[in-house]
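**Q** Okay, here's the prediction I keep looking at, along with the sequence it came from:
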Amino acid sequence: MAIGRTRGQRDRVDIWPGFVDALSTLLLVIMFLLVVFVLAQFFLGQLLQGRNVTVERLQTQIRDLREQLDLERETAVELRGDLARATADLQKLRAEKEDVEARLSESEADRDLLDRQLLRLRGEQQVLQQSLTDLTDEKQRLAQQLDVREQEIARLGAMLEELRGDRQQAEQNARKAETEVRRLREQIAALSQQLVGLGNLLDAKQSEIERQSARIAELGTRLNLALASKVEELSRYRSDFFGRLRQVLGNRPGIRIVGDRFVFQSEVLFATGEAEIGESGKRELAKFAAAFKEIMAEIPEDLPWVLQIDGHTDKRPIHTPRFPSNWELSAARAIAVANFLIQQGIPPNRVAARGFAEFQPLDPGDSEEAYRRNRRIEIKLTTR
């Protein structure tokens with residue numbers, strides 16, 4: 001039995017040390033996950049902070065563009081208001097003219113009706129006069145038969161008096177009709193004078209509108225001539241611009257002239273995926289700014305020139321906290337060049353920056369050479 005008890009004690013296993021090891025391992029895993037979570041929160045905060053700065057800068061640019069658009073809209077609304085008021089005045093005068101013409105037509109119709117009534121009354125008067133003549137003859141005939149027809153004469157005399165009363169009434173009606181006709185003719189004459197006055201006023205307004213149209217056309221012609229002169233003058237300075245910059249910068253790789261633009265390849269100014277100008281790029285831009293300032297001193301003050309800086313990328317997408325797309329990268333590079341030129345002494349009101357991303361390529365291919373040509377900064381001397 002002693003041997004059996006010893007064997008039972010040896011068969012029991014003590015699991016406490018293994019449980020402690022497992023619990024320690026679990027605590028270490030939890031602490032590691034907490035550290036990873038804290039680090040992830042820290043890096044995520046840094047990323048969000050950089051993105052907020054970019055969003056604020058873009059919102060500022062959007063507000064500026066909205067203010068400019070509001071100014072242009074206010075100017076357009078004022079011009080439309082002036083045109084609408086002039087059109088309304090012209091329509092009002094036309095409506096008044098049509099109203100006067102309608103009233104004149106009505107007056108002429110009334111006059112024609114009264115003329116017809118007067119003619120009818122005159123016809124009735126002639127008939128009555130003829131009847132009176134007949135009755136007078138009859139009276140003379142009856143006078144010869146006075147002894148035998150006294151009663152008939154009395155009856156005919158009464159009839160004669162009645163006819164005379166009708167004649168007087170007809171004459172009174174004729175006089176009233178003539179008075180009404182005279183009154184209507186006076187009204188027609190007054191309306192005709194008003195119509196003539198309105199016609200003169202309308203002609204004066206039309207003449208004024210024609211003079212203004214001719215003045216506007218003359219001003220447009222003069223403006224076009226002035227702009228053509230300024231563009232021609234700017235073209236002459238643009239030729240000096242390219243000639244002097246070609247002498248200063250020489251035939252360096254990555255810097256060339258394409259049409260009317262001075263082109264810097266992005267590799268000359270920026271590192272890949274960055275918008276900060278490198279030291280070698282600053283040296284090249286400093287040469288460019290020094291040469292341009294000499295040309296700028298010769299350009300007249302009234303010439304509306306501006307140095308247009310355009311940023312372009314290749315079509316490969318970019319996704320970084322600072323540059324979510326090629327739009328932000330191209331715009332940031334153009335702005336960086338503009339700021340550097342301003343620091344070199346070029347007036348800020350003579351510098352403009354734009355970003356075109358990958359949507360205006362010089363080479364539509366997919367090779368590395370095509371990508372390199374499309375990554376560029378273009379500088380152009382143009383008018384505002």
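**A** Looks like it arrived, so ask away.

**Q** hey, let's count contacts and neighbours off CA atoms from now on
**A** Will do.

**Q** Quick one: the strands in the chain, in order.
**A** Assigned by DSSP state E, the strands in the chain fall at 255-258, 261-265, 305-312, 351-355, 376-383.

**Q** Of these, which stretch is the most buried?
**A** Of all the strands of the chain, strand 305-312 carries the top mean neighbour count, a mean of 24, counting by mean count of other C-alpha atoms under 10 Å.

**Q** Can you give the strand pairings for that one, parallel or anti for each?
**A** Strand pairing for strand 305-312, using DSSP bridges, gives strand 351-355 (parallel), strand 376-383 (antiparallel).

**Q** Quick one: closest of the ones you listed to residue 261.
**A** Minimum separation from residue 261 across the strands paired with strand 305-312 (C-alpha to C-alpha) falls at strand 376-383, 4.8 Å.

**Q** And the strands paired with strand 305-312: which comes nearest residue 109?
**A** strand 376-383 (67.6 Å).

**Q** on that earlier part again, any idea which of the strands of the chain scores lowest on pLDDT?
**A** Lowest mean pLDDT of the strands of the chain: strand 255-258, a mean of 67.

**Q** Residue 94: which of the strands of the chain is closest?
**A** Closest among the strands of the chain, using C-alpha to C-alpha: strand 376-383, at 45.4 Å.

**Q** CA atoms of that closest one as PDB?
**A** Provided in PDB are the C-alpha atoms of strand 376-383 (Å, rounded to 0.1, in the frame of the first residue of the first chain):
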ATOM      1  CA  ARG A 376       7.800  70.800 -65.700                       C
ATOM      2  CA  ILE A 377       7.500  74.500 -64.600                       C
ATOM      3  CA  GLU A 378       6.500  76.800 -67.500                       C
ATOM      4  CA  ILE A 379       7.100  80.600 -67.200                       C
ATOM      5  CA  LYS A 380       5.500  82.900 -69.700                       C
ATOM      6  CA  LEU A 381       5.500  86.800 -70.100                       C
ATOM      7  CA  THR A 382       2.000  87.700 -71.000                       C
ATOM      8  CA  THR A 383      -0.800  90.300 -70.500                       C
END
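
**Q** Now do that strand and strand 261-265, the angle between them.
**A** Note on geometry: by axes from the mean of the first three to the mean of the last three C-alpha atoms, to 10 degrees, strand 376-383 and strand 261-265 are set 160 degrees apart in direction.

**Q** can I get the strands paired with strand 305-312 in CSV with distance to residue 175?
**A** Shown next, in CSV, are the strands paired with strand 305-312 (distance: least, C-alpha to C-alpha, whole Å):
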stretch, distance to residue 175
strand 351-355, 89
strand 376-383, 84
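
**Q** and residue 262, bridged to which residues?
**A** Under DSSP bridges, the beta-bridge partners of residue 262 are residue 257, residue 379.

**Q** Start from the N-terminal end of the stretch 251-384 of the chain and give the helices.
**A** Listed in chain order, the helices found in the stretch 251-384 of the chain under DSSP state H, counting those that start in this stretch are 266-269, 279-296, 326-343, 368-374.

**Q** and if you look at the stretch 1-150 of the chain?
**A** Here the stretch 1-150 of the chain has its helices, by DSSP H, counting those that start in this stretch, at 2-11, 16-144, 150-249.

**Q** For the stretch 201-350 of the chain, give me the ranges with low pLDDT.
**A** For the stretch 201-350 of the chain, the stretches with pLDDT under 70 are 202, 205, 209-210, 212-256, 258-260.

**Q** that older thread, so which of the strands of the chain is nearest residue 172?
**A** Of all those, it is strand 376-383 that lies closest to residue 172, at 87.9 Å by C-alpha to C-alpha.

**Q** residues in contact with that closest one?
**A** Residues outside strand 376-383 that contact it (C-alpha atoms under 8 Å, 6 or more residues apart in numbering) are 231, 234, 238, 260-266, 304-313, 333-334.

**Q** could you check the angle helix 326-343 makes with that strand?
**A** 60 degrees.

**Q** ok, for residue 319, nearest residue in space, not its chain neighbours?
**A** The shortest distance from residue 319 to any non-neighbouring residue, by C-alpha to C-alpha, 6 or more residues apart in numbering, is to residue 325 (5.9 Å).

**Q** what about the one you found, distance to residue 357?
**A** 8 Å (C-alpha to C-alpha, to the nearest Å).

**Q** same question, residue 108
**A** In this view, residue 108 and residue 357 are 76 Å apart by C-alpha to C-alpha.

**Q** ok, these two, which is more surrounded?
**A** Neighbours around residue 108 and residue 357, counted as other C-alpha atoms under 10 Å, are more numerous at residue 357. The numbers are 23 against 15.

**Q** okay, now residue 37: neighbour count?
**A** Around residue 37 there are 11 other residues, counting by other C-alpha under 10 Å.

**Q** From residue 167, how far off is it?
**A** Taken as C-alpha to C-alpha, the span from residue 37 to residue 167 is 125 Å.

**Q** go on, residue 347?
**A** The spacing between residue 347 and residue 167, counted by C-alpha to C-alpha, is 104 Å.

**Q** more crowded one of the two?
**A** When residue 347 and residue 167 are compared for neighbours, residue 167 comes out ahead with 17 against 13, by other C-alpha under 10 Å.

**Q** circling back: turn the strands of the chain into a markdown table, including distance to residue 47.
**A** What follows is these, written out as a markdown table (distance: least, C-alpha to C-alpha, whole Å):
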| stretch | distance to residue 47 |
| --- | --- |
| strand 255-258 | 35 |
| strand 261-265 | 29 |
| strand 305-312 | 25 |
| strand 351-355 | 23 |
| strand 376-383 | 28 |
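
**Q** Next, count neighbours for residue 375.
**A** Residue 375: 22 surrounding residues under other C-alpha under 10 Å.

**Q** what's near enough to touch it?
**A** With contact taken as C-alpha under 8 Å, 6+ apart, residue 375 is in contact with 265, 266, 267, 312, 313, 314.

**Q** residues touching the fifth one, list them.
**A** Taking C-alpha under 8 Å, 6+ apart, we find residue 313 in contact with 326, 329, 330, 356, 357, 358, 374, 375, 376.

**Q** The same query, at a cut-off of 10 Å, please.
**A** Shown in contact with residue 313 (C-alpha atoms under 10 Å, 6 or more residues apart in numbering): 266, 273, 326-327, 329-331, 333, 355-361, 371-377.
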